[in-house]
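> requesting a structural model of the entry that follows:
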Amino acid sequence: MSLKIETYRSGMFTFQVAVDLNRIQPLIDKVNYGHRLFSSLPLLPDIAAQLERETLLSSIHGTDTIEGGTLTEDEIAQLIESTQEVTQEEHKRRISNLSKAYRYAEITALQSLADKQQAFTVSELFILTLHQLISGGINDERYLPGQYRDNHKGQITKVGDADHGGIYKPPQAHVDIKLLMGHFVEWLNSDELCRLPSMVRASLAHYYFERIHPFQDGNGRVGRLLEKSILITSGDKYAGRGIDRYYLENIDTYFSAFNNSRKAEKTNPEYCNHDFVEFVLKGFDVTIERLHHRANKLMEHVLILAWLGDQLRNKRINHREHVILDYLGGQTGPVNQLQLKKMSWYQELYRRYSPATESRDWNHLFNQGVIIKSEDGLIRLNAFH
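Have a look, this model is predicted:
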C-alpha cells in the first residue's frame, strides 16, 4: 500500500514498501536459515542468560556510541547492574534511560508475542513512551521527553552531512509531524505491511521514522528500538538486540543507504527503499552469524571449565593458574599478556605472592603447553592438548 499524505507546510510525503522482494528474498531466506540454526542450539540456561546480557550491553553500547557516547561496554555493565542510584551526570543518566527503554520495549513486544498477535501493533503512545524513557531526567533543552518537535521561527532541523549522501531537511512544522506520525502508525499496521516478512517491516519502520524525525533529539535511539520491538514479536529477539553493533561498525554505510533511498524516491520510486532495507537485512545476517559463533564459544567454555576442574583436582595446576586459564577460556581471541597483568582481578590474585611465585606459575603454564604465546606477546588457552 502506497500512502500519499499532503502535509500543511512540507509538501507531499509518501509511505511505500518500494522494495524488490524477489531480489531480496535470498537474503531473507539466508537470515531465516541462520536464525533457525541458532534457535536449534541446545543452549544451557546459563549460556542463554549470558547471551542475553551480552547482546543487551552490545546494543546499548552501540546505540549510545552512535549518538556520541564514550563509555565502554564494561563501564555500561557496571552502571546498569549497579544497585546504587544513578547520578545526574548526563552520560550516566543516558545509559540508565536506555536500559529502561530497552526493557520496556522488550516486555511490550514479548507480551504481544504471548498474546499470539500476527504482528506487533505500533502505536504513537508506544513511540512517545520510548522517547520519554530515553529522555527523562536529562538536563538538556534538546530533550523534550515524549513530545514531538515544535520548531520555533527560524529553527531548521537538518539530518546528515555532505559526505554521506547529503543533508536532509525533515518536515519542520509541528502540525505536519503530528499528521505524519498518525499516518505512519496507520500505514505500519496495515494488512499489507503486517503480511511482509517481519525483518522488512521492521526496516521500513526504522526508515520512515527517521524520515519524519519527530523529536528534537533521540530519534536514532527510538527508531532502532522500534525496529527491535517488531523483530521480537516475530520471535527473533537476538538479531534485533545485536544489530546496533553492526550499525556502529558500518555507520558511514548506514547514512549513505538512508540517503540513497531518500533520493531514489524521485529517480526510482518503484524500488526506492531497497538500498536501506537490504543494508539492514545484511546486518541481521551478520548479527545472527556473530551470535551463533559466540554461543558455540560459550558452550566450548563449559567444556573448558570441566577440563580445568579436572586439572585442578589432579593437581596438574594450582588455584591461581586455574583462575588465569578460566579467564583465557572465556575470551573470543588471543589476549595481550602485559595487558592481562594490569587487570584488577589479576593484581588481586597475586597481591599476597612474590614476583618469583608469579613467574613460576607462568613458566609452568607455558612449559605444560596449556598456554601458547605468539611472537607479538599474545597468549591463548590451549585446552584439551
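> list phi and psi for residue 369.
phi 80, psi 10 (degrees, to the nearest 10).
> right, and it touches residue 384 too?
No. Using Cβ atoms under 8 Å, residue 369 makes no contact with residue 384, being 11.0 Å away. All C-beta spots, glycine's among them, are computed from the backbone N, C-alpha and C.
> wait, a helix at residue 361?
Yes. Under DSSP: H, G, I helix; E, B strand; the rest coil, residue 361 sits within a helix.
> surely it meets residue 323?
No. Counting by Cβ under 8 Å, residue 361 stays clear of residue 323, with 10.0 Å between them.
> just the helices in the stretch 201-350 of the chain please.
Applying DSSP state H, counting those that start in this stretch to the stretch 201-350 of the chain gives helices spanning 219-233, 237-249, 251-267, 274-313, 319-329, 337-341, 344-349.
> which one of those helices lies closest to residue 40?
helix 274-313 (10.3 Å; Cβ to Cβ).
> from the contact counts, what lies against the closest one?
helix 21-39, helix 45-66, helix 198-212, helix 237-249, helix 251-267, helix 319-329 (3 or more Cβ pairs under 8 Å, 6 or more residues apart in numbering; DSSP states H and E).
> per-stretch mean pLDDT over those helices, give me the minimum one.
When the helices and strands packed on helix 274-313 are ranked by mean pLDDT, helix 237-249 comes last with a mean of 85.
> so what's residue 2 up against?
Applying Cβ atoms under 8 Å, 6 or more residues apart in numbering, we find residue 2 in contact with 14, 15, 16, 17.
> let me see the mean pLDDT of the strand or helix carrying residue 133.
For residue 133, the element it lies in under DSSP states H and E is helix 124-135. The pLDDT scores in helix 124-135 average 97.
> residues in contact with that helix?
Looking at what lies outside helix 124-135 - Cβ under 8 Å, 6+ apart - the contacts are 94, 97-98, 100-101, 104-105, 108, 143-147, 181-182, 185, 209, 214-215, 217-218, 221-222, 225-226, 229.
> residue 77 contacts residue 56, doesn't it?
No. Checked against Cβ under 8 Å, the pair residue 77 and residue 56 is beyond contact range at 9.3 Å.
> retrieve the pLDDT associated with residue 374.
Value listed for residue 374 in the pLDDT field: 93.
> number of residues surrounding it?
Neighbour count of residue 374, defined by other Cβ atoms under 10 Å: 10.
> so it sits against residue 334, correct?
Yes. If you go by Cβ under 8 Å, residue 374 and residue 334 touch, sitting 6.7 Å apart.
> follow-up on the earlier one: output the contacts of residue 2 in CSV; the columns should cover distance to residue 354, secondary structure and neighbour count.
Listed next are the contacts of residue 2 as CSV, based on distance: Cβ to Cβ, whole Å; DSSP: H, G, I helix; E, B strand; the rest coil; neighbours: other Cβ atoms under 10 Å:
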residue, distance to residue 354, secondary structure, neighbour count
14, 74, strand, 15
15, 71, strand, 22
16, 72, coil, 18
17, 69, coil, 21
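> list just the nearest of those residues to residue 350.
Among the contacts of residue 2, and counting by Cβ to Cβ, the member closest to residue 350 is residue 17, at 61.0 Å.
> mind listing what that closest one touches?
Contacts of residue 17 by Cβ under 8 Å, 6+ apart are 1, 2, 192, 193, 196, 200, 204, 273.
> just the buried subset of those residues, please.
Among those, those classed as buried by 16 or more other Cβ atoms under 10 Å are 193, 196, 200, 204, 273.
> after the helix holding residue 133 comes which helix or strand?
Immediately after helix 124-135, counting by DSSP H and E, sits strand 159-161.
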